[in-house]
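[1] Kindly generate the corresponding structure for this input.
(2 chains)
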Amino acid sequence: MSRRTVFVCQGTGCLSSGSRAVYESLCSEVERLKIPDLKVDFTGCHGFCEQGPIVIVEPQGIFYTHVQAEDGPEIAEAHLKNGVPVERLFYRDPVSGEAIPCYQDVNFYKKQQRIILQNCGHINPEEIEQSLEKGRYKALEKALVEMTPEQVIEELKAAGLRGRGGAGFPTALKWEFCARAPGSKKYVICNADEGDPGAFMDRSILEADPHAVIEGLALAGYAVGADEGYVYVRAEYPLAVSRLRTALKQAREKGFLGQNILGSGFNFSINIKEGAGSFVCGEETALIASIESRRGMPRPRPPFPAQSGLDGRPTVINNVKSLAAVSAIINRGAEWFASIGTEKSKGTVVFALTGKVANSGLVEVPAGTPLSTIVFDIGGGIPRGKKFKAVQTGGPSGGCIPAPYMDTPVEYENLAQLGSIMGSGGMVVMDESTCMVEIARYFLSFTQSESCGKCTPCRLGTRQMLEILTRITQGRGKDSDLDTLLNIAKTVKEGSLCGLGQTCPNPVLTTLQYFREEYEAHIREKKCPAAVCDALMISPCQHTCPVGIDVPRYLEAISRGAYLESVEIIRERNPFPAICGRICHHPCELRCRRGELDDSLAIRALKRFVADWYFENIDQIPSPEPFARTNPQKVAVVGAGPCGLACAYFLAQMGYSVTVFEALPVGGGMLSVAIPQFRLPDEVIRKEIAYIEKSGVEIRYNSPVNINFTIDDLKKSGYNAVFIAAGAQKSQQMGIPGELEDLEGFYYGLRFLRDVKIGRPVKIGKKVIVIGGGNVALDTARTAVRLGAEEVEIFYRRTREEMPVSEMEYEEARAEGVKANFLVSPTRIVSSNWKVTGLQCIRMELGEPGKDGRRRPIPVAGTDFFAEADTVFASVGQAPDLSFLPPDSALERTRLETLVVDENRLSTNLAGVFAGGDFVSGPGMVIEAVSAGRRGALAIDKFFKADPTRVLIYDQRQDLLIPEAGKEEEEPEPVEEELDEEIWKPQYRPEIPRLPTEERKHSFKETELCYVEAEAVQESKRCLRCDLEQ
Amino acid sequence: MDKLIAPPEINMERLGEIVSGYGQQKWSLIPLVQEIQAEFGFIPPAAVPIIAEKLKLFPSEVQGVVSFYEQLYTEPRGRNIVRVCRGTACHVRGGKTILKLVKRQLGLEENETSEDLEYTLETVACLGVCALSPTMVINNQVYGHMNPKKIKEIFKREEGTCS
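    Prediction:
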């Protein structure tokens, strides 16, 4: 094409985004400006519908996305007339944000190899000349003139083409069986009943390159000796049907269909059959029944359609993609095709990549391409900074493949091994906000309603599985349900006739295999970790909060200026609003539904705002009254960290008398000894503890529980129950040479942080290396910067992905000058004269996933290197320290030197002794410690009441401000209705103010600041009030 | 099911015309009922014996096919067919909420038709426009990237054009 052409995409996707108006606007503008040598034309679907409407200017390949009719004049004037492309309409890379002018350079296209989709988006599908220019019908001509039908089949056999409809049966064999079957009347059928939700490549091909299908079907007819073909298209694709009709008419006019095609004596005609809405008709025998105007139910095979198909005659049925590949093979030869892909799967495969991925669209890659390349390189990864969870391949009968298996090359066999299938090529990406139980239920509800009912295992089994899954998502699951599910799934798989029944248990089986803990959370704790299952929760933020704070209510209180009320709502579930308002890792924000719209609510920062307001105005606010003591029992809590204090606070709230025993002269535990002042000032901790004391909790400082004063002694002195929350404060050793030599310049990060906090003098060199990737490592590095180290580097054996620190913290540290080195591990601390001189290291790579699902780092041989340093910190983890328990203590321990504790009731082997928090589960987040404390309080309450049931922590509405229960429902809330319209407008969260980097680097002043009142109130009003939905 | 909707008058003459065009070709039952549905919006029960006679089938065979396929309807439907996609891609991007809100907007449950025959609400397994999910379709117009605000806008506009 020498002259310039503007192609406007008119696939179903782009049309729905307004591409017809774009086309008209461009036509009229080009006309008006009288631009010479330029044609405005349209194409079928590119398979990149999300970016639509798409406009391409050839021959340069300038690629415009999201074009609207209003952009027409600008494109015509600036680009088409004056030759200056319109940059603002260029595609932007979702990762780098860079504007990319030509489609050839867009990652989404660049990494694809398009054979089946080669013409999609590059020709006008309604003009056969454009197809002919691209070489369409050359293969048919070649076959008819130069090849016998047997040679066509041999060519296909040598190419190794396997059915692209999903099952992967060799296409050439199907054709051969049919060709050899006796009988003069035979049929070929194109299966375009693309019923799998999440797959749309067949639609795209029919809309964008219908002649590819016609040519392929004609070739099939020639090869097997059929003179009649059918295309069975599903009813939901009206545009595909109309384009196919046009193409058929043009092909007939040009003599590619009809009698004596190209003078070869071969006759061939094609009919279109429109489906009537039945998923199972994608199965070949059901499809044939449907063409014959019968109920579309599968029948047992054999006989296979190749022997007895349509009308009882030998019939070949091929998928749209298989047929589209045929002409390319005949044209370019079997050898070329077989050189692409892998040993067992030749050629390319087409996927419809959708779901939680930045670039949604059709992806064609050589078979054997790793899943990760498709999802992360071509797909651009997960949008909105969320975490990848699983990819579901093969439509509703496919399985969910989790993160650790993302390097698997896509092949029929590999996917089957993981419990999934290639299927129709649907590939739906799921992020952390997808509930795997709910998704299994969703797929089952689909296959259950589409089961034709012929086979009993499928008809009844899908119904039973659906019922169980529904029950689990509604919080009514039983422990035995999982085994029952497995049993039924296996029966359905083995006892069904067709592909639907044989594969529909896959989603259940794979989610059970890879995400069993999510099922267990639903069944045992009535928790949906992804905060999706409506029946289990009131709002996603509250459900995700480990302590279940009624977030929407406290935000609503802020929006009314009722700050005291807001703090009280928080304190119902968490006595540390000011601390958590600063350092909570806020899982709630990750599930905030507003985040799907624009930004999630700044829930943590708002918590800080009200907490700070409270302590600023504490003089004007009545001091909290101690909780009334309504129960006779006394409880001792060991350790005044967040877990112990929370437990004490909630016990006091329940009317028990509580005493906390703390070994140190200050409370706060790790908060006080490990978290630096610039993240959490001491004063904040002090005020929150004071509040807890005023509420009636007695704290005895400098009162260690140890061999001189044991747990037994506590019980003897009148405490009816003991809760141990002694934290995890022992630094873990790395186990490398040099660690135990007491070298000058080597410290454990935790010890260093504590010394800095209590003002002990510490010596720090110029070149500092911190080993580790957690919060303590990062805090150590940032503290070292503040103490004047010139160079501070972090060495972490995994990657940024695996670091459990927030993006904000990491970015702050980097801005302050901390450098991060990933995939390196120390092997030896090098010293001279008992002084550290550096670190011997080795590079790592990520290997197979370990038990925790994270890929395990393994050393790469021969990559040793030396890193110079005068100070080395180790912060590779903390563990509980059980040394305070006397050796003869009857408390049962695990082999890993932790206590044996029931995870629901937190009870130990001794009646009345409970333990929780970091002390039991290892170092975790503050809010998790608070949650464990609350759980402990509830368990102790049950213990006193001799209630043997499990502790169940339900989400509750906090109706503390509504005096009469039940009144709320009667009163209409007109405010919400009015809010409705306005609230959906995009509004972004205000940035959380912070100290400038330079100021931060040299002081221990708190780095993060508080919202001002107006900002906080404004921000709180963005809440969508999910809690009012039900 | 007791429905308050009075079935619209069926022009039996027109029905006869349509049916008379069939009978020669094999496998014409589905194309025939599809044409009847295109004309009347549904397949009137009265048509079943007429079709059966013409195609030399038992009425039960005709009924069996009509009831098997999801998109063959035996009850009158609204002038506007609203179909919310419940495909996988739409599902993971919040299609469930869209369905909930459309239900609320129209005051209809799935597969229900409004009393004034203005709207019928249905779901569809997949529209094949997954890249624009969540999606819905009103008659043949596809709407992509649905959100609560868009639902309000679309139905406001629809109301303007319909009434």
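
[2] Now do the same for the residue lying closest to A:Gln112 once chain neighbours are set aside: helix, strand or coil?
    Of all residues not flanking A:Gln112 in the chain, A:Glu364 sits nearest, at 5.3 Å (Cβ to Cβ, 6 or more residues apart in numbering or on different chains). No exception for glycine: its C-beta is placed from N, CA and C like everyone else's. Reduced to three states with DSSP: H, G, I helix; E, B strand; the rest coil, the structure at A:Glu364 is strand.

[3] Against A:Ser204, how distant is A:Glu364?
    11 Å (Cβ to Cβ, to the nearest Å).

[4] beta partners of the nearest residue to A:Thr799 once chain neighbours are set aside?
    In space, and not counting its chain neighbours, A:Thr799 is closest to A:Phe822: 4.7 Å by Cβ to Cβ, 6+ apart. In this entry, A:Phe822 is beta-bridged to A:Tyr796, by DSSP bridges.

[5] Need phi/psi at A:Ile724.
    phi -100, psi 120 (degrees, to the nearest 10).

[6] what residues are up against the nearest residue to it once chain neighbours are set aside?
    Residue nearest to A:Ile724 in three dimensions, not counting chain neighbours: A:Ala915, with 4.0 Å by Cβ to Cβ, 6+ apart. Counting by Cβ atoms under 8 Å, 6 or more residues apart in numbering or on different chains, A:Ala915 touches A:Phe723, A:Ile724, A:Ala725, A:Leu899, A:Val901, A:Leu906, A:Thr908, A:Gly936.

[7] The residue nearest the centre of chain A and A:Glu801: what is the separation?
    Centroid check for chain A by Cα atoms, centre = their mean gives A:Asp431 as the closest residue, at 1.3 Å. A:Asp431 is 14 Å from A:Glu801, where distance means Cβ to Cβ.

[8] who are the neighbours in contact with the residue nearest to A:Thr799?
    With contact taken as Cβ under 8 Å, 6+ apart, A:Phe822 is in contact with A:Tyr796, A:Arg798, A:Thr799, A:Arg800.

[9] A:Phe709 too?
    Contact analysis of A:Phe709 by Cβ under 8 Å, 6+ apart lists A:Ser703.

[10] Quick check: phi and psi on it?
    Dihedral angles (degrees, to the nearest 10) for A:Phe709: phi -140, psi 90.

[11] From A:Phe108, how far out is the residue nearest to A:Gln112?
    The spacing between A:Glu364 and A:Phe108, counted by Cβ to Cβ, is 11 Å.

[12] Show me which of those two is the more surrounded one.
    Comparing A:Glu364 with A:Phe108 by other Cβ atoms under 10 Å in any protein chain shown, the one with more neighbours is A:Phe108, at 27 against 24.

[13] With chain B in mind, check whether the helix or strand containing that one reaches it.
    Element membership of A:Phe108 [criterion: DSSP states H and E] is helix A:107-110. No. Helix A:107-110 lies out of reach of chain B by Cβ under 8 Å from any Cβ of the partner chain, never closer than 11.1 Å.

[14] Which of the residues in that helix are classified as buried?
    Applying a neighbour-count criterion of 16 or more other Cβ atoms under 10 Å in any protein chain shown, one finds A:Asn107, A:Phe108, A:Tyr109 buried in helix A:107-110.

[15] Likewise for stretch A:588-607?
    A:588-597, A:599-607.

[16] Need the three-state assignment for A:Glu154.
    Following three-state DSSP, A:Glu154 is assigned to helix.

[17] what does A:Pro632 give?
    A:Pro632 - assigned by three-state DSSP - is coil.

[18] State the distance from it to A:Pro101.
    78 Å.

[19] Look at those two and report which has more neighbours.
    The neighbour count for A:Pro632 versus A:Pro101, taken as other Cβ under 10 Å, is higher for A:Pro101 (19 against 10).

[20] show me the contacts for the more buried one.
    A:Ile62, A:Phe63, A:Pro85, A:Glu87, A:Phe90.

[21] show me the contacts for residue 23.
    Assuming you mean chain A. Per Cβ under 8 Å, 6+ apart, neighbours of A:Tyr23: A:Val8, A:Gln10, A:Val40, A:Phe42.

[22] Wait, chain B was what I had in mind.
    B:Lys54, B:Leu55, B:Lys56 are the contacts of B:Gly23 under Cβ under 8 Å, 6+ apart.

[23] go on, B:Ala47?
    Contacts of B:Ala47 (Cβ under 8 Å, 6+ apart): B:Ile10, B:Leu15, B:Val19, B:Val33, B:Ile36.

[24] In three-state terms, how would A:Gln392 be classified?
    With three-state DSSP as the criterion, A:Gln392 reads strand.

[25] Okay, now the unreliable bits of chain B?
    B:1-8, B:160-163 (pLDDT under 70).

[26] Distance of A:Phe822 relative to A:Asn775?
    A:Phe822 sits 17 Å away from A:Asn775, taking Cβ to Cβ as the criterion.

[27] just A:Leu353 next, same as before
    Per Cβ to Cβ, A:Leu353 is found 35 Å from A:Asn775.

[28] Report how many residues lie close to the closest residue to A:Glu432 other than its chain neighbours.
    Using Cβ to Cβ, 6+ apart and skipping the chain neighbours, the partner closest in space to A:Glu432 is A:Lys387 (4.5 Å). Using other Cβ under 10 Å, A:Lys387 is surrounded by 12 other residues.

[29] give me phi/psi at A:Lys387?
    phi -90, psi 140.

[30] Same check on the one 10 residues further on?
    Recorded main-chain torsions at A:Ser397 are phi -100, psi 10, according to degrees, to the nearest 10.
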